[in-house]
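Student: Structure for this input, please:
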Amino acid sequence: MNRPSRPWNGRASRAAAFIVLTGAGACAARGAPPAGEGSSSAQTADVAEPGIPHLSTMRPDTIALGRGEVPTITLTGTGFVPGPSGAFAVGENAVHVGRATFDRLAADSSGTVLRFALTLSYTDTTAKGRPSSFSPGQYPVSVVTPRGTSNSLTLTMIP
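Tutor: Sure, this is the predicted structure:
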């Protein structure tokens, strides 16, 4: 018996699975079958949720401290909130570098590139707002938007 087809409602079925190629060339599936249709024993892959920011690259990923320069960091990825351009543009993105937060940053019009000046001193929000500065080491970098928080990349600071 043939069932009449249903029109597309713009939503994916709960039975959908995402296939991701891993570095080894193997596939991993993500998705769960609807209730009552068994369970999946496949491994889950790290897949960015739609709308949630995702970091792909950071340039530079290593900076030298103590040169008196303020480096510009360029983050590329997806899911950043696009904003106006210009020197004094205010946006809806924030970047966390360790315990420092650089907020009100605007991304490009496609929401895939975010640039900001990494000042080497900042207000430490975990130390009751006291001024602090970066020291040599590795720091996690992530982007926060109204839709969520991205994965993190590592920024290395050398003397």
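Student: remind me, longest strand of the protein?
Tutor: In the chain, ranked by residue count with DSSP state E as the criterion, the top strand is strand 137-145.
Student: contacts for stretch 53-65?
Tutor: With contact meaning Cβ atoms under 8 Å, 6 or more residues apart in numbering, stretch 53-65 is reached by 48, 71, 73-80, 93, 118, 120, 134-136, 141-145, 147-159. (Glycine included, C-beta is placed from N, CA and C.)
Student: Restricted to strands, list those residues.
Tutor: Per DSSP E, strands hold the following members of the contacts of stretch 53-65: 73-78, 93, 141-145, 148-149, 153-158.
Student: Now a PyMOL select for only the buried ones of the residues you listed.
Tutor: With 16 or more other Cβ atoms under 10 Å as the criterion, this PyMOL line picks the buried residues out of those:
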select buried, resi 73+75+77+78+93+141+142+143+144+145+153+155+157
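Student: The spatially closest residue to Ser85 that is not a sequence neighbour and Ser132: what is the separation?
Tutor: In space, and not counting its chain neighbours, Ser85 is closest to Ala106: 7.0 Å by Cβ to Cβ, 6 or more residues apart in numbering. Note on Ala106: its distance to Ser132, by Cβ to Cβ, to the nearest Å, is 25 Å.
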